[in-house]
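[1] Task: produce atomic coordinates for the following.
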Amino acid sequence: MDLVLAAIHLEPSPRAVPLGPAMLASALARAFGGQVRTRVLDLFLQDRPEHCADRILESAPQAVGFSMYVWNRGLALATARDLKARRPELVVFAGGAEATADLAGVLADPAIDFVLPGEGEELIVAAMALLRAGVAPEGLLAGLRPGPVADLATLASPFLDGTLLPARYTGQLWELSRGCPFTCDFCFESRGAAGTRRIPMERVQAELELFEAAQVSQVFVLDPTFNYHRKQAKEVLRLIARTAPGIHFFFEIRSEFLDRELARLFAGIRCTLQIGLQSAQEAVLRNIGRTLDAADFQAKILLLHQAGATYGFDLIYGLPGDTLAGWKASLDFALAMVPNHLDIFRLSVLPGTRLRETAAGFGLEYQEGNPYQVLATPTFSGAELDQAGRIARACDRFYNEGKAVPWFGIVQAALELEPSELFARFADHLEAHPGADVTAQQRGFLTAQFQGQGQRPEMATVAADLATWFGACAELAEAANREPGAAQERSADFQHDPRALIEQLGAGITELEDLSYVLPAEPCTALLHWAGGQPEIARVTPRPAGPAR
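    I've put the predicted structure just below:
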């Protein structure tokens, strides 16, 4: 039997790795050897259904399986219909989170013959055995017993058996556990299986050694609460430090399981931590099965900050019981802890979640189809949700894309604005000044804000120079990462000598008003270059007074 397992990714990126289909392919290879020939295929959301179908049919398969998620359901079903129109006898099935959560809805499409719900390795082996024995696709579900894999040690590794070659991808997905110890109402992760199961450390070490040998640059760890079992987390982090010090890892963690040693271990490797805050409003969190001890959260994040670890937060707007004012307060709470990035999402009422079951009781209005986003709540109107979205996009542009982390607090304090208000004003500025250059948008916005408040003009120019300096440095760093070893240079205009600016910041002068007093106006153009893993100023050339370009 020839089988195609298709992964439809959002876009080409380091995360676009078909780990799920590869796990199924490894399970089939172990069970059937060459009797089931499985081809794992990468497709992308921007592909047309007919193009996807063309790619799938290249190997003339007898069966096709789609790994289905919220973002790719539409394209997967459209491709399945195209396949059935061309090859009516082709067996087409689906698995993955979306097919599991909305099994009846997916099965209702006539192009889908059956669904493999839940964890698929044991299930697909049973399904292929039934198909090979002559069971009709419509009769498969009666012969299958969905359920979680009890012992993850029984699963084959697609990395170690050669199914998934790390060198073919710019990043890797790395599964360390399954299940989640928490039951957040908006999330599907913990439904269907209680507790957590972990991949054996022997396999973890072997895969990590393979990643290092293949010179993988980024690894995204698939563990919804990596530090829940602190002992194992510390063991993995020490293993990474010994075995793969050059790889950058991405972890999802919970603040309550942090301690000083874990913070040091995270800081000792190349990694980024993502922490699901979601809201700082305790009453709102209770509505979705979560809790927050704000003082403990701040204390644990301080451990990361003191250790020098890189961390970011997730926030959701539109949660049941939340308001626009409450969400803004959560945004201000989050940014007071100086995260390295902040990811903000509109609530999605996903099929299969407890929130979907309780949505009517909360009075939530939401989209019935993908992406299932909330449209209005009794306390958060549609117009207010749209305003929160504007602020969220402005925050992403100014803070994340604009690399404002090192200097955001300096200008925010000088403007005497809460972050949420600053981003609301920046949202207005973006609409009036669209453009691709985020640093220019930041400079123009800051200049207007300081001048509008009647501040000394020197404060406006220093704020603009901060945006210019850190923006140019970030561009150099990103270019150096893309092209290691290549010469990287950037030219930038300043209203003050950047060498003096850096010197004063290094001396601990971080009040914008103080900086404006000690930095004389010296319009110049600086040539920056990347050397020894950091930006340096190669040359500063005076130029006539006037606004920086």
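
[2] what's the closest non-adjacent residue to Ala545?
    Counting by Cβ to Cβ, 6 or more residues apart in numbering, Ala545 lies nearest to Pro523, which is 5.0 Å off, once chain neighbours are set aside. The C-beta positions use only the backbone N, C-alpha and C, and glycine is treated the same way.

[3] what's the burial count for that neighbour?
    Neighbour count of Pro523, defined by other Cβ atoms under 10 Å: 17.

[4] Under the pLDDT cut-off, which ranges of this protein? List them.
    189-194, 453-455, 546-549 (pLDDT under 70).

[5] Got the domain ranges for it?
    According to automatic domain parsing, the chain comprises the domains 2-143, 165-393, 457-542.

[6] Tell me which of those domains lies nearest to Gly402.
    domain 457-542 (6.6 Å; Cβ to Cβ).

[7] Just the endpoints, please. Distance across the closest one?
    20 Å (Cα to Cα, to the nearest Å).

[8] re earlier: surely the residue nearest to Ala545 meets Pro498?
    No. Counting by Cβ atoms under 8 Å, Pro523 stays clear of Pro498, with 11.6 Å between them.

[9] In terms of helices and strands, where is Asp514?
    Using DSSP states H and E, Asp514 falls within helix 512-518.

[10] Which positions within that helix qualify as buried?
    Using 16 or more other Cβ atoms under 10 Å as the test for burial, helix 512-518 gives 512, 515-516.

[11] partners of the helix or strand following it, with directions?
    Remark: after helix 512-518, the chain's next helix or strand is strand 524-531, criterion DSSP H and E. When pairs are called by DSSP bridges, strand 524-531 turns out to pair with strand 489-494 (antiparallel), strand 534-542 (antiparallel).

[12] Look up how far Gly34 lies from Ala2.
    No, residue 2 isn't Ala; it's Asp. According to Cβ to Cβ, to the nearest Å, Asp2 and Gly34 sit 11 Å apart.

[13] now do Phe249
    Going from Phe249 to Gly34 by Cβ to Cβ gives 36 Å.

[14] higher neighbour count, the two?
    Taking other Cβ under 10 Å, Phe249 and Gly34 do not tie; Phe249 has more neighbours (23 against 6).

[15] Tell me which residues touch the closest residue in space to that one that isn't next to it in sequence, please.
    In this structure, Phe249 finds its nearest non-sequential neighbour in Cys271, 4.2 Å apart by Cβ to Cβ, 6+ apart. Going by Cβ atoms under 8 Å, 6 or more residues apart in numbering, Cys271 touches 248-251, 309-310.

[16] quick one, phi psi at Cys271?
    For Cys271, the backbone dihedrals (degrees, to the nearest 10) come out as phi -160, psi 160.

[17] wait, doesn't Ala78 sit right on His51?
    No. Using Cβ under 8 Å, Ala78 is not in contact with His51; the gap is 11.0 Å.

[18] Which parts of the stretch 301-450 of the chain are strands?
    310-317, 341-346, 365-366, 374-376 (DSSP state E, counting those that start in this stretch).

[19] Can I take it that Arg145 is in a helix?
    No. With DSSP: H, G, I helix; E, B strand; the rest coil as the criterion, Arg145 is assigned coil and is not in a helix.

[20] Which element, helix or strand, includes the nearest residue to it once chain neighbours are set aside?
    What sits nearest to Arg145 in space, not counting adjacent residues and going by Cβ to Cβ, 6+ apart, is Ala126, at 7.6 Å. Using DSSP H and E, Ala126 sits within helix 121-132.

[21] So which elements touch that helix?
    Secondary-structure packing of helix 121-132 (3 or more Cβ pairs under 8 Å, 6 or more residues apart in numbering; DSSP states H and E): helix 19-32, strand 63-67, strand 91-95, strand 114-116.

[22] For it, list the C-alpha coordinates in CSV.
    C-alpha atoms of helix 121-132 as CSV (Å, rounded to 0.1, in the frame of the first residue of the first chain):
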residue,chain,number,x,y,z
GLU,A,121,0.5,6.1,16.2
GLU,A,122,-1.3,3.0,17.4
LEU,A,123,-4.6,4.0,15.7
ILE,A,124,-3.1,4.3,12.2
VAL,A,125,-1.4,0.9,12.5
ALA,A,126,-4.8,-0.6,13.4
ALA,A,127,-6.5,1.3,10.6
MET,A,128,-4.0,0.3,7.9
ALA,A,129,-4.3,-3.3,9.0
LEU,A,130,-8.1,-3.2,8.6
LEU,A,131,-7.8,-1.5,5.2
ARG,A,132,-5.2,-4.1,4.0
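
[23] what comes into contact with that helix?
    With contact meaning Cβ under 8 Å, 6+ apart, helix 121-132 is reached by 1, 3, 23-24, 26-28, 31-32, 35-36, 63, 65, 91, 93, 95, 114, 116-117, 137, 139-140, 143-147, 149, 155.

[24] Direction included, what does the following helix or strand past it pair up with?
    Next along the chain after helix 121-132, taking DSSP H and E as the criterion, comes strand 172-175. Partner strands and pairing direction for strand 172-175 (DSSP bridges) are strand 218-222 (parallel).

[25] what about the residue nearest to Gly435 when sequence neighbours are not counted, how many residues close to it?
    Nearest residue to Gly435, sequence neighbours excluded (Cβ to Cβ, 6+ apart): Gln441, at 6.2 Å. Gln441 has 22 neighbouring residues, counting by other Cβ under 10 Å.

[26] which ones are touching Gln441?
    Contacts here follow Cβ under 8 Å, 6+ apart; on that basis Gln441 touches 397-398, 402, 429-430, 433, 435.

[27] at 10 Å instead, please
    Going by Cβ atoms under 10 Å, 6 or more residues apart in numbering, Gln441 touches 394, 397-398, 401-402, 426, 429-430, 433-435, 467.

[28] Mind picking the two most distant members of those residues?
    Pro434 and Ala467 (17.7 Å).

[29] more crowded one of these two?
    More crowded of Pro434 and Ala467, by other Cβ under 10 Å: Ala467, with 27 against 8.

[30] hang on, the earlier thing: tell me the buried residues within the contacts of helix 121-132.
    Applying 16+ other Cβ under 10 Å to the contacts of helix 121-132 flags 3, 23-24, 26-28, 31-32, 36, 63, 65, 91, 93, 95, 114, 116-117, 137, 140, 144, 146, 149, 155 as buried.
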